[in-house]
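Trainee: using only what follows, build the 3D model:
(one chain, ligands or ions: 1)
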Amino acid sequence: MVYYAGVDLGATNVRAIVAEADGTTIGVSRRATPRGPTGIDVTEGVLQTLREACGNAGIASEEITAAGIGSIGPFDLAEGAVIDPANLPDSIDRIPLTGPIAQLVDSDEVYLHNDTTAGVIGERFHAERNPDDMVYITISSGIGAGVCSDGEIVSGWDGNAGEVGHCVVDPQGRLTCGCGREGHWEAYCSGNGIPTFARLLAEDDPTIETDLPLNGPEFTAKDVFEFAGEDELADHTIEQLAHWNAVGVTNVVHSFAPIVVSFGGAVALHNEHTVIDPIRERVAEMVMTNVPEIRVTDLGDDVVLEGALASALTQGTGDRDRLG
Ligand SMILES: [Zn+2]
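Mentor: Residues are numbered from 1 along each chain as shown. Down below sits the predicted model:
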């Protein structure tokens, strides 16, 4: 028998999956992402999770033929490591992944991707027509994309292609992004950005009435969506989000000519009617080329994990013709 593995390293959880050659899952495992003190501790947590998934599958880790990893970045791709991850403690400066995992599974076939690239590989693999041109966009605490163009997974020389959340949507640059630059898409429309955006909109027009706890310490994006249809400012914010999201997605469509744009991430998954439906309507009116299908992933929270596994099964591509 031949076996394949996928690993999802997130800022909160590490997950691993082991499958047979046809993709049938035979073992899974999950644990909280170690908070350090060093990157090696995170590597150890990843290896332990993968060992457990193999144990649950009833196989030895050396029986794995290939492994895919979808991970938080940024990366040193040549070294197969995560460097200075933003959402983990500062003491973690380097998390070696490719080498240690290759050693554990005793195979050189290990594919490292950022989480959105793993997302597009999974979406492509599971999509009905297995399209060659596809974009996966996550709207969660940040915004990012994974791109497959002409059948090739686009990574850029340093692995940083697809950072579409840092495209400028507001040339006035009224909000500052978490990255320190101004006017970026995710400063307005990500889970982290939405509360600040709602406050800005309230300042712009003080006549808009609202019961949103704008200045409370616990004010989050979730509040805005929970007040939808009942609160003038919540509705205005959702309307403005639709506009900036449609600008961002239209730029992506004009850049890559995808046939499908698939969304994941908590903000998209939990608010399909308030976030994704308006994007679909507006993009159809804003795009001057072919309008892609716009959908929400069927894989839910498993999209990165399933994408990592799909990468292992298809030599890093999501192309079903390459199934072993
Ligand atoms: Zn930015």
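
Trainee: confidence score at Gly324?
Mentor: According to the prediction, Gly324 has pLDDT 69.

Trainee: show me what from this protein comes close to the ion.
Mentor: Within reach of the ion by C-beta under 5 Å from the ion, the chain has these residues: 166, 177, 179, 181, 184. For the C-beta atoms, the positions are set from N, CA and C on the backbone; glycine is no exception.

Trainee: ok, and the most crowded of these?
Mentor: Among those, the one with the most neighbours (other C-beta atoms under 10 Å) is His184, at 28 neighbours.

Trainee: thought that residue was touching Pro171?
Mentor: No - here His184 lies out of contact with Pro171, judged by C-beta atoms under 8 Å, at a distance of 11.4 Å.

Trainee: what's the end-to-end length of stretch 56-66?
Mentor: The first and final residues of stretch 56-66 sit 18 Å from each other (C-alpha to C-alpha, to the nearest Å).

Trainee: and it, how far out from the chain's middle?
Mentor: From the chain centre to the centre of stretch 56-66 is a distance of 27 Å (C-alpha atoms, centre = their mean, to the nearest Å).

Trainee: pull the residues that contact it.
Mentor: Here stretch 56-66 makes contact (C-beta atoms under 8 Å, 6 or more residues apart in numbering) with 1-5, 18, 26-29, 50-51, 54, 104-107, 109-111, 312-313, 315, 324.

Trainee: among these, name the ones in helices.
Mentor: Mapping the contacts of stretch 56-66 onto helices (DSSP state H) picks out 50-51, 54, 104-105, 312-313.

Trainee: show me the helices in this structure, by range?
Mentor: Using DSSP H, helices in the chain cover 39-57, 98-105, 115-126, 185-189, 194-204, 221-226, 232-256, 266-270, 277-286, 303-313.

Trainee: what is the burial count for Ala266?
Mentor: By other C-beta under 10 Å, 15 other residues sit near Ala266.

Trainee: let me see the contact set for it.
Mentor: Residues near Ala266 by C-beta under 8 Å, 6+ apart: 139-141, 191.

Trainee: do I have it right that Gly27 meets Thr49?
Mentor: No - contact criterion C-beta under 8 Å: Gly27 and Thr49 do not qualify, at 10.9 Å.

Trainee: picking up where we left off before, can you add pLDDT and give the residues of the chain next to the ion back as TSV?
Mentor: What follows is the residues of the chain next to the ion, written out as TSV (pLDDT from 0 to 100):
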residue	pLDDT
His166	95
Cys177	94
Cys179	88
Arg181	95
His184	97
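
Trainee: and those residues, which is closest to Asp298?
Mentor: His166 (27.7 Å; C-beta to C-beta).

Trainee: nearest spatial neighbour of that closest one, chain-adjacent residues omitted?
Mentor: Closest residue to His166 apart from its sequence neighbours, by C-beta to C-beta, 6 or more residues apart in numbering: His184 at 4.7 Å.

Trainee: next, the contact list for the one you found, please.
Mentor: By C-beta under 8 Å, 6+ apart, His184 lies in contact with 165-169, 177.

Trainee: in the stretch 201-324 of the chain, where is pLDDT below threshold?
Mentor: Scanning the stretch 201-324 of the chain with the threshold set as pLDDT under 70 gives 324.

Trainee: beta partners for the closest residue to Ala127 other than its chain neighbours?
Mentor: The shortest distance from Ala127 to any non-neighbouring residue, by C-beta to C-beta, 6+ apart, is to Val260 (6.3 Å). Assessed by DSSP bridges, Val260 has beta-bridge partners Met134, Glu293.
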